[in-house]
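Student: no sequence on this one, just coordinates:
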């Protein structure tokens, strides 16, 4: 048995009764990387002292990809967040097509898309890549599903792949969230293959329920074998709630991605 992937888990979604620094330390003790969401929610000094491998964190607090005002907000927010990411040694700073509010609802929601939106989004992403090159950080663009995040621009796996492959710069990768892909499009192995040259991280949770592998319909051991056969050796992060016990959920995750 071997572990070909770099495994991590989202600290916010596990051990909900424990402080975030305890969660990060527990994940580190288990030999796993630590994923975070919004940094203002946390005591950065405590997180810094743990010496954890922080694999991913939200890379902005506000802003949008496809309009001038939103792009300026996004760049300013990303610059501030990148400084925090460098302080903690975060590997990747995560982006979405627009800001997400309560319950994951996009700010603002879009009902229709004009032909110029993708071109403006590409321009914004090039500016973010310039920022990444300047500060030595890597951004990822995450796909989202249309049911949990209705009206989010550039939320689908296809839209994220189109943008990231068009920009095609090392400072921008895909955060391929297979939970969202399963709900939005399905056909997970072929999406892994299509996105492979641009993947910065693969994120996983089972569906329905958004809990650990083995609690839903997705055959994650088969996904792990397919990723390995495709030559993927990068990070895999569990962004999932624990069905019952958090340590048991991590055991199931690790087992699913051990070949």
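Tutor: That came through, no problem. Everything numeric here is computed off the predicted structure, so don't read it as measured data.

Student: Show me which positions of stretch 220-228 end up buried.
Tutor: 220, 223, 224, 226, 227 (16 or more other C-beta atoms under 10 Å). Placement of C-beta: from N, CA and C, glycine included.

Student: Can you give me the end-to-end span of stretch 33-52?
Tutor: 7 Å (C-alpha to C-alpha, to the nearest Å).

Student: Can you give me the distance of the spatially most central residue of the chain to residue 134?
Tutor: Centroid-nearest residue in the chain: residue 175, 4.7 Å away (criterion: C-alpha atoms, centre = their mean). Going from residue 175 to residue 134 by C-beta to C-beta, to the nearest Å gives 21 Å.

Student: Show me the beta-bridge partners of the residue nearest to the centre of the chain.
Tutor: Counting by DSSP bridges, residue 175 is bridged to residue 142, residue 201.

Student: Now do the same contact list for it.
Tutor: By C-beta atoms under 8 Å, 6 or more residues apart in numbering, the residues touching residue 175 are 56, 92, 94, 140, 141, 142, 143, 200, 201, 203.

Student: ok so, going back, I'd like the buried residues of stretch 220-228 as CSV, with secondary structure and pLDDT appended.
Tutor: Shown next, in CSV, are those (DSSP: H, G, I helix; E, B strand; the rest coil; pLDDT from 0 to 100):
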residue, secondary structure, pLDDT
220, helix, 98
223, helix, 98
224, helix, 98
226, helix, 98
227, helix, 98
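
Student: Any of the contacts of residue 175 buried? List them.
Tutor: When those are checked for burial by 16+ other C-beta under 10 Å, the buried set is 56, 92, 94, 140, 141, 142, 143, 200, 201, 203.

Student: Distance to residue 32 and pLDDT for these - can I get that in a markdown table?
Tutor: Below are the buried ones among the contacts of residue 175 laid out as a markdown table (distance: C-beta to C-beta, whole Å; pLDDT from 0 to 100):
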| residue | distance to residue 32 | pLDDT |
| --- | --- | --- |
| 56 | 13 | 98 |
| 92 | 16 | 98 |
| 94 | 18 | 98 |
| 140 | 19 | 98 |
| 141 | 24 | 98 |
| 142 | 20 | 98 |
| 143 | 23 | 97 |
| 200 | 18 | 98 |
| 201 | 14 | 98 |
| 203 | 14 | 98 |
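
Student: Name the SS class of residue 236, please.
Tutor: Following DSSP: H, G, I helix; E, B strand; the rest coil, we place residue 236 in the strand state.

Student: whoops, I mixed them up, residue 8
Tutor: strand.

Student: can I assume it is in contact with residue 30?
Tutor: No. Using C-beta atoms under 8 Å, residue 8 is not in contact with residue 30; the gap is 10.4 Å.

Student: Specify which residue of those two has the higher count of neighbours.
Tutor: When residue 8 is set against residue 30 and neighbours are counted by other C-beta atoms under 10 Å, the residue ahead is residue 8, at 25 against 13.

Student: Identify the residues contacting the more buried one.
Tutor: Shown in contact with residue 8 (C-beta under 8 Å, 6+ apart): 27, 32, 33, 34, 35, 53, 55, 56, 235, 236, 237, 238.
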